[in-house]
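this one's sequence-less:
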């Protein structure tokens, strides 16, 4: 419920601490990463709903099984985004590298915040 504002606030705080400017490129990486978060949530929610509609499990079991079924694909898609979208930007050199480091850094922070929050929530809820 509070994941989008929480992750956005964390990333904006880290951007301010690292003096990363808030411009079109860093906002674009924020939008890309948050859209990945929303898409992953839709996938997990759809899988939970599928278990509920089958009626074979209770609500808590449907949530646990639904998230467990898609946890590896979600992790894989997040890591793929890390490696193929933001890592090349981070490896650029020169003046273009200085400019491209902001979206790379922003993207890494958002995706890491999402993964950390998901791991924390999963550990606290026993799932």
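Okay, I see it. Nothing here was measured: the structure is a model prediction, and the numbers come from that model. Numbers count the residues shown, from 1 in each chain.

For the helix or strand containing residue 9, the averaged confidence score.
Using DSSP states H and E, residue 9 falls within helix 3-17. In this model, helix 3-17 has an average pLDDT of 81.

So which elements touch that helix?
In terms of contacts (3 or more C-beta pairs under 8 Å, 6 or more residues apart in numbering; DSSP states H and E), helix 3-17 is packed against helix 24-54, helix 94-125. Where C-beta positions appear, they are placed from N, C-alpha and C, glycine not excepted.

Give me the buried positions along that helix.
Neighbour-count burial for helix 3-17, with 16 or more other C-beta atoms under 10 Å as criterion, is recorded at 3, 7-8, 10-12, 14-15.

Same question for stretch 40-47.
Using 16+ other C-beta under 10 Å as the test for burial, stretch 40-47 gives 40, 43-44, 47.

List the contacts of the closest residue to residue 4 other than its chain neighbours.
Spatially, and ignoring its direct neighbours in sequence, residue 4 is nearest to residue 34 (6.4 Å; C-beta to C-beta, 6 or more residues apart in numbering). Counting by C-beta atoms under 8 Å, 6 or more residues apart in numbering, residue 34 touches 4, 7-8, 110.

still on that earlier bit, going by distance to residue 85, which of the buried residues of stretch 40-47 wins?
Nearest to residue 85 out of these is residue 40 (C-beta to C-beta; 14.9 Å).

quick one, what contacts the closest residue to that closest one other than its chain neighbours?
Nearest residue to residue 40, sequence neighbours excluded (C-beta to C-beta, 6+ apart): residue 74, at 4.7 Å. Under the criterion of C-beta under 8 Å, 6+ apart, the neighbours of residue 74 are 40, 43-44.

Right, I'll leave it there.
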